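Q: The sequence isn't on hand, but the structure is:
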């Protein structure tokens, strides 16, 4: 039997701010988009109708039934989420909802899933993601390049996950040909096209991902409404103290429940750590031996700017845990010269200084 979101669970720590925060109007009604003023002190909340239009009729044609799925609570209708257009196929549950396009323009009706997300995670000045550090939604890195605007991260970035823009076509040994579902089965192809926001931000038991719960970013057991586990280091508790390292098994852990299960959905982390790493060659020594999270070096959405040397491959260092090389004062991972200028101190190893270290 298909499962609908349980409204009582929206008080969960990792759920949209539906009940715990309140303002006079919903996010959509007072939406702050490009060119509009916005108060940084306004509380944040979301309402069901910010993402769903309850008055929109549902197309029950044969073509629509293939993607209608669990949002209707009908187990007889299969879910098919394709990746042939930006942001993937817009689910019927999101039909006739307003949005913001990749250029920051208000849309009466969104055509892509990400356009609905950009209403709250784009140009608003009171975004939760604008304040680095720990908050009720989870830890937020203090990035070298600004990473508070998801619209810019995806739309104007030189390095990005393929949500708004299609994938580059580059291929690396850790890329999976298709997503790894929560039940261990093979999901949609990753050989071309786009990702959905809900490929990462989803219920941790979403039926469309191979689970048994409701679909969509309504509630998750993991921070940032992530569908799967993604462990992150936290800044050191004091000056001159090391950052506490993560505990990472030699093979990266269980692909479905290990510390980087979210990455494992599309990347074969075990292969990256145990069968050769042609791109960087030191992922295992950093992540397994050093206990350093992927998030310390990589920003998952994309990187804004035009520096394709220091910020290729989603590299955007967390300044709460990585500092400059004290000799040259340079802070960079140069992907062209394959050199590293950083300093860091994690509890699994002595303090490290890389002053032009080649990798």
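A: Nice, I can see it. Treat the numbers as computed from the prediction; the structure is a model and nothing was measured.
Q: show me what contacts the nearest residue to residue 189 once chain neighbours are set aside?
A: Leaving aside its sequence neighbours, residue 189 sits nearest to residue 178 (CB to CB, 6 or more residues apart in numbering; 5.0 Å). No exception for glycine: its C-beta is placed from N, CA and C like everyone else's. Applying CB atoms under 8 Å, 6 or more residues apart in numbering to residue 178 gives the contacts 186-191.
Q: Distance of residue 178 relative to residue 282?
A: Per CB to CB, to the nearest Å, residue 178 is found 28 Å from residue 282.
Q: Over to residue 197?
A: Going from residue 197 to residue 282 by CB to CB gives 31 Å.
Q: And for residue 164?
A: With distances taken as CB to CB, residue 164 is found 31 Å from residue 282.
Q: Show me which of the two is the more surrounded one.
A: Counted by other CB atoms under 10 Å, residue 164 and residue 282 do not tie: residue 164 has more neighbours, with 25 against 14.
Q: Going by secondary structure, the more buried one is in what exactly?
A: Secondary structure from DSSP states H and E places residue 164 outside every helix and strand.
Q: how close does it sit to residue 299?
A: 15 Å.
Q: just to revisit the earlier point, and which of the contacts of residue 178 is nearest residue 115?
A: The shortest approach to residue 115 among the contacts of residue 178 belongs to residue 188, at 20.5 Å (CB to CB).
Q: The closest one should be in a strand, yeah?
A: Yes: Residue 188: assigned to a strand according to DSSP: H, G, I helix; E, B strand; the rest coil.
Q: And the pLDDT at it?
A: According to the prediction, residue 188 has pLDDT 91.
Q: That one reaches residue 181, doesn't it?
A: No: Residue 188 is not in contact with residue 181 according to CB atoms under 8 Å; the separation is 9.3 Å.
Q: Show me the helices in the protein, by range?
A: Secondary structure of the chain by DSSP state H: the helices cover 62-68, 113-121, 150-155, 261-264, 269-274, 283.
Q: Now the fifth one: buried residues?
A: Just to be clear, that refers to helix 269-274. By neighbour count on 16 or more other CB atoms under 10 Å, the buried set for helix 269-274 is 269-273.
Q: Tell me the one among these nearest to residue 45.
A: Distance to residue 45, by CB to CB, is smallest for residue 269 among those, at 35.9 Å.
Q: Show the contacting residues for the closest residue to that closest one other than its chain neighbours.
A: The shortest distance from residue 269 to any non-neighbouring residue, by CB to CB, 6+ apart, is to residue 252 (3.9 Å). Going by CB under 8 Å, 6+ apart, residue 252 touches 258-260, 264, 269-270, 272-273, 287-288.
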